[in-house]
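*Asks:* Build me a structure from this.
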Amino acid sequence: MSSREKQGFGIYFLTAFGLAWLCQVYASMQLLQGNAAVYRALLSVSMFCPLVAVLAAKKVYLHQPTGIGWKVQGKRRYWLAAWFGPAVFTVLAAVLYFAVFPHRLDVSGSWLVAAYGGEMDAQTLKSQLGVSNVSYMLQTGLLAVTLGPLINMFFAVGEEAGWRGYMMPCLKERFGLLNGRLLGGVIWGVWHWPLMLLVGYEYGTDYLGAPVLGLVVWCVFCFAMNSLLDLLYEKTGCIWVPAIAHGAFNAVAALFTVLTYPADAYYNVLGPTPIGLIGLLPVLAAAVWLTLREMKQGEKN
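*Replies:* Have a look, this model is predicted:
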């Protein structure tokens, strides 16, 4: 990487973090004032900041093409893995979490009662509104593995273009495959920290080990997810593939929280979602195994 390219890479980081953190801080202020709609809109805007940063570095400063693969291509198995893989990891995360903490498995519907404001009990919800644990999970799960990945893909592609399309090739060239993915995962995780510290993004504000444990666990998860998304982009050369996987994960990750007690939100940092310390173990194992296997293959070649 030439000196000018390093400067461009620096411009990328300053832009990706600067713009996004401004959006995140202002969004958090809006949420604390009760403006949830503005908060959600600004979060969507912040997801495109890494793409804007790529354009600023490559097009404006370096006067080069972005090098990001926008053409729809790649073998079908990678598209299928991107679409359905997050659902598989979500199921494995819940199974592992409830195997470790069986007493936190709640099938009574208390989470739904709390979600509906506690105005009706579980039996009334089921009889009057037709809402139960089973119906909620079927409807939410079906949407999460059908339309969810496709819809969310268009928001996730802003991050994917920046992180996997531009940042990861640069980091791997400089630091190697494993170190590049580790560093890239930490960078991606830290990028979310203002939201996590200000409004409890992902784990809430009152959880086990807050706020430090959540920040660390989130970066571990981001390393794992970054590795898998980077691998999908490597195999296909199409940025839409990791964008689908990212979108699919956003759609399905929280599915099994309906089987927890409302008070157990204190343990969100552990599971049952795949971003918890226990729930992330399957996706982390897959990321480490695939990365090490790729490194061995590279040594043979």
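*Asks:* Let's verify G34: helix, strand, or coil?
*Replies:* G34 falls in the coil class when you classify it by DSSP: H, G, I helix; E, B strand; the rest coil.
*Asks:* any idea of the pLDDT on it?
*Replies:* At G34, the pLDDT value in this model is 95.
*Asks:* Likewise for N301?
*Replies:* pLDDT, read off for N301, is 66.
*Asks:* Kindly report the same for L129.
*Replies:* 68.
*Asks:* low-confidence ranges in the stretch 1-150 of the chain?
*Replies:* The model of the stretch 1-150 of the chain has pLDDT under 70 over residues 119, 129.
*Asks:* for it, what spans make up the helices?
*Replies:* 3-32, 36-46, 49-54, 76-100, 110-115, 122-124, 133-145, 147-162 (DSSP state H, counting those that start in this stretch).
*Asks:* in the longest one, what's buried?
*Replies:* This means helix 3-32. Neighbour-count burial for helix 3-32, counted by 16 or more other CB atoms under 10 Å, picks out 8-9, 11-13, 15-17, 19-21, 23-24, 27-28, 30-31. C-beta coordinates here come from the backbone N, C-alpha and C atoms, glycine included.
*Asks:* ok, now the third one?
*Replies:* When neighbours are counted by 16+ other CB under 10 Å, the buried residues of helix 49-54 are found to be C49, P50, L51, V52, A53, V54.
*Asks:* Any chance of JSON lines for the helices of the stretch 1-150 of the chain, columns distance to K296?
*Replies:* As requested, the helices of the stretch 1-150 of the chain are arranged in JSON lines below (distance: least, CB to CB, whole Å):
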{"stretch": "helix 3-32", "distance to K296": "29"}
{"stretch": "helix 36-46", "distance to K296": "38"}
{"stretch": "helix 49-54", "distance to K296": "31"}
{"stretch": "helix 76-100", "distance to K296": "20"}
{"stretch": "helix 110-115", "distance to K296": "44"}
{"stretch": "helix 122-124", "distance to K296": "51"}
{"stretch": "helix 133-145", "distance to K296": "33"}
{"stretch": "helix 147-162", "distance to K296": "27"}
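*Asks:* Determine which of the ones you listed approaches H192 most closely.
*Replies:* helix 3-32 (7.9 Å; CB to CB).
*Asks:* Please, which helix or strand holds L197?
*Replies:* Following DSSP states H and E, one finds L197 within helix 193-199.
*Asks:* Now that helix: average pLDDT?
*Replies:* Here the average pLDDT along helix 193-199 is 97.
*Asks:* Flag every buried residue along it.
*Replies:* Result for helix 193-199 [16+ other CB under 10 Å]: buried residues W193, P194, L195, M196, L197, L198, V199.
*Asks:* give the contact list for the last one.
*Replies:* For V199, the residues meeting the contact criterion (CB atoms under 8 Å, 6 or more residues apart in numbering) are S28, L31, L32, Y39, T205.
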